[in-house]
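**Student:** need a structure here:
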Amino acid sequence: MMKNLFIRSLSWCYADLASLVLRIGFGILMMPHGFFKLKDFGEIVGEFMNFLGLGSTASLWLVIIAEIFCSVLLVIGLFTRLAIIPLLITSIVIVFVAHHGDIFGEAAGGFYYLLVYTAILLLGAGKYSVDHLIGRRLAS
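**Tutor:** Below you'll find the predicted structure:
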């Protein structure tokens, strides 16, 4: 058992499982944030951050799309690295703009998402994803 902890050949299997767990877990955890914003759109839009001068309405729609649509893509592992980019941007804005980089205070939750989304970007979708199935079809 201890020997398996140090065998390199098993680590790629674990990396695929880790990617699956991170994708599904953090994809599902992000979706309620988007649904809340969509449900309370009219109440939130006036006070929502106007990021990059797009206006609060456009900024809110972009965040909702990222938090719901990109999270769904993340969970199923479709266009994973592309879908993670809006989620990364959203996390960066939450941490460094909305909460001024206070990663040990108000920005802690957003920072967790930022770390995990960065790991998923680096790991990719893994073997247990639609991306992997598409890649296998294209290769044959």
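**Student:** CA only for contacts and neighbour counts going forward, please
**Tutor:** Fine.
**Student:** Can you pull out the low-pLDDT segments for the protein?
**Tutor:** Low-confidence segments of the chain, defined by pLDDT under 70: 1-12.
**Student:** Show me the helices in this protein, by range?
**Tutor:** 8-39, 41-44, 56-65, 71-76, 80-92, 108-123, 130-139 (DSSP state H).
**Student:** from those helices, which stretch is densest packed?
**Tutor:** Among the helices of the chain, judged by mean count of other Cα atoms under 10 Å, the one packed with the most neighbours on average is helix 71-76 (a mean of 23).
**Student:** Any idea how far apart the tips of stretch 95-112 sit?
**Tutor:** With Cα to Cα, to the nearest Å as the measure, the first residue of stretch 95-112 is 10 Å from its last.
**Student:** mind starting the numbering at 9 from now?
**Tutor:** Taking 9 as the first residue, the last one we looked at is stretch 103-120.
**Student:** List the buried residues in that stretch.
**Tutor:** 103, 107, 109, 115-116, 118-119 (16 or more other Cα atoms under 10 Å).
**Student:** Closest one of these to Val83?
**Tutor:** Of all the buried residues of stretch 103-120, Gly118 has the smallest distance to Val83: 18.5 Å, by Cα to Cα.
**Student:** separation between that closest one and Glu51?
**Tutor:** The span separating Gly118 from Glu51 equals 22 Å under the rule Cα to Cα.
**Student:** Kindly report the same for Leu68.
**Tutor:** 12 Å.
**Student:** Include distance to Ser27 when you put the buried residues of stretch 103-120 into JSON lines, please.
**Tutor:** Putting those into JSON lines (distance: Cα to Cα, whole Å) gives the following:
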{"residue": "Val103", "distance to Ser27": "23"}
{"residue": "His107", "distance to Ser27": "28"}
{"residue": "Gly109", "distance to Ser27": "26"}
{"residue": "Ala115", "distance to Ser27": "24"}
{"residue": "Ala116", "distance to Ser27": "22"}
{"residue": "Gly118", "distance to Ser27": "19"}
{"residue": "Phe119", "distance to Ser27": "18"}
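**Student:** With adjacent residues omitted, what lies nearest to Cys78?
**Tutor:** Setting aside the residues directly before and after it, Cys78 is nearest to Ala91 in space (Cα to Cα, 6 or more residues apart in numbering), at 5.0 Å.
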